[in-house]
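In: What would the 3D arrangement of this be:
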Amino acid sequence: MSSPIYPRKPVNAVLLSLVLPGFGQFYNGELNKAIWFFLAFAILLVPGPALIALYLPSFLMMPTLLVGLILVLSVWLYGMADAGRVARRKQAYVLQGWQLSGVYVLIFLLCNVLALPMLTGEVRAHQVASFFIPSASMQPGLLPGDILFADMRYNCPGCAAALKRGDVAIFVDPNDRTEYFIKRVIGLPGDRIKISGETVWVNGAALTVGAETGPADERLVTEESDGRMWRVQWNASPALPDIVLTVPPGQAFMLGDNRDASADSRNFGTVPLQDIVGKARQIWFSASKSDGLRWRRLGQVAQ
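Out: Purely as a prediction, here's the structure:
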């Protein structure tokens, strides 16, 4: 008895490729092509941006990300067009033994529910993660509405990037371990910290190297430590208590750059080193209701 013939429907092939790149090729019986379409899409979508964020110079990040986005969309759209074109030619088609409804569901679940989330999770946990800045606690360097890449190869066993004073670091919220904070590393284990007025001292040396008056009578203070400089923001009349402490072993002292509007180590104490998981790298998107898309911030390095 001859095998039944089922004509391929171009609209089904296109819709399947829309749901999952390579799925339309699988529908057409082109298993090898289906695998390559899915792999190209997955690699461009997940590890691609990670490699761009970690290894390219800052001025190349945004144009290369744009090129990567175009490539992802091109693979997706070309896969849809290819699936529809091939299906149109296969009006008399004998189904393969593996083209069963259960196999379609299994492949969809393996790719969309298992493979892509696992790949994304691995990259986010150990390579690069994206974080949204919701508050003004890191002004003037980071603004509400900034979205940045963070290097997750930071401060971990065997990692090249060790914790340094002045780093803008991401760490687990001490009061809610499902959330993260972003603050600046001010003190390392054993450091003596003193804060009085607008001045921060580390091991007896003041971090302040300059100050100026900003908008609304804010004080913009330039600080320096270990050869690195950054700007912080104080209100015109800071009314915070003085602090004197020694950072305990295995801990770090963290401060927000907007010193009068930041919950940090002055409130919840020093942070365990194992809770510091990433280092801010570059802003890849920035927008606010008042300013709209802030083009000038795209690609800026977090100082």
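
In: mean confidence score for stretch 19-34?
Out: Over the span of stretch 19-34, the pLDDT mean works out to 92.

In: Give me the distance from it to the chain's centre.
Out: Computed by CA atoms, centre = their mean, to the nearest Å, the chain-centroid distance of stretch 19-34 equals 31 Å.

In: contact partners of that stretch?
Out: 8, 12-17, 35-38, 40-41, 75-76, 79-80, 82-84, 86-87, 90, 93, 95-96, 98-99, 104, 107-108, 111-112 (CB atoms under 8 Å, 6 or more residues apart in numbering). Using the backbone N, CA and C atoms, a C-beta is placed for each residue, glycine as well.

In: repeat for stretch 213-228
Out: Applying CB under 8 Å, 6+ apart, the external contacts of stretch 213-228 come out as 140, 164-166, 186, 198, 200, 202, 207-212, 229-236.

In: So which of the contacts of stretch 19-34 are in helices?
Out: Among the contacts of stretch 19-34, DSSP state H puts 12-17, 35-38, 40-41, 75-76, 79-80, 82-84, 86-87, 104, 107-108 in helices.

In: show me where pLDDT drops low in the stretch 201-303 of the chain?
Out: 216, 236-239 (pLDDT under 70).

In: For it, which segments count as strands?
Out: Assigned by DSSP state E, counting those that start in this stretch, the stretch 201-303 of the chain shows strands spanning 205-206, 208-213, 219-225, 228-234, 243-246, 251-255, 271-272, 276-288, 292-293.

In: circling back: drop anything exposed from the ones in helices among the contacts of stretch 19-34.
Out: Burial by neighbour count, 16 or more other CB atoms under 10 Å: within the ones in helices among the contacts of stretch 19-34 this picks out 13-17, 37-38, 40-41, 75-76, 79-80, 82-84, 86-87, 107.

In: In space, what's closest to Asn203 - neighbours in sequence excluded?
Out: Arg192 (5.3 Å; CB to CB, 6 or more residues apart in numbering).

In: Please apply the same query to Ile195.
Out: Ile243 (4.3 Å).

In: try His126
Out: Nearest residue to His126 in three dimensions, chain neighbours excluded: Met152, at 5.7 Å (CB to CB, 6+ apart).

In: what residue lies at the spatial centre of this structure?
Out: With distances taken as CA atoms, centre = their mean, Ser130 lies nearest the centre of the chain, 1.4 Å away.

In: which ones are touching that one?
Out: Contact analysis of Ser130 by CB under 8 Å, 6+ apart lists 124, 147-150, 284.

In: Among the residues you listed, name the ones in helices.
Out: Per DSSP H, the contacts of Ser130 map to helices at Arg124.

In: just the buried members of the contacts of Ser130?
Out: Judged by 16+ other CB under 10 Å, buried ones among the contacts of Ser130: 124, 148-150, 284.

In: Quick one: those residues as CSV, columns for distance to Met118 too.
Out: Formatted as CSV, these follow (distance: CB to CB, whole Å):
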residue, distance to Met118
Arg124, 11
Leu148, 24
Phe149, 20
Ala150, 20
Trp284, 23
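
In: What are the structural domain limits within the protein?
Out: 10-126, 128-297 (automatic domain parsing).

In: Isn't the residue nearest to His126 up against Ala129?
Out: Yes: assessed by CB atoms under 8 Å, Met152 is found in contact with Ala129 at 5.4 Å.

In: Which pLDDT does the model give Ala150?
Out: The predicted local confidence for Ala150 is 94.

In: Hmm, I typed the wrong one, I wanted Ser58.
Out: On the pLDDT scale, Ser58 is placed at 83.

In: I'd guessed it sits against Gln282; true?
Out: Yes: if you go by CB under 8 Å, Ser58 and Gln282 touch, sitting 5.8 Å apart.

In: Check the contact lists of those two and give me the overlap.
Out: Common neighbours of Ser58 and Gln282 (CB under 8 Å, 6+ apart) are 299-301.

In: Can you say which of those are buried?
Out: Neighbour counting by 16+ other CB under 10 Å classes 299-300 among the shared contacts of Ser58 and Gln282 as buried.

In: pretty sure Pro49 is in a strand, no?
Out: No: secondary structure of Pro49, determined by DSSP: H, G, I helix; E, B strand; the rest coil: helix, with no strand assignment.

In: Who are the contact partners of it?
Out: 65, 68, 128, 149.

In: go on, Lys279?
Out: Lys279 is in contact with 150-151, 154-155, 161, 167-170, counting by CB under 8 Å, 6+ apart.

In: any idea how far Thr120 is from it?
Out: As defined by CB to CB, to the nearest Å, Lys279 lies at a distance of 20 Å from Thr120.

In: Ala211 now?
Out: 44 Å.

In: so what's Tyr193 bridging to?
Out: I think there's a mix-up here, since residue 193 is Ile and not Tyr. When bridges are called by DSSP bridges, Ile193 pairs up with Val202, Leu245.
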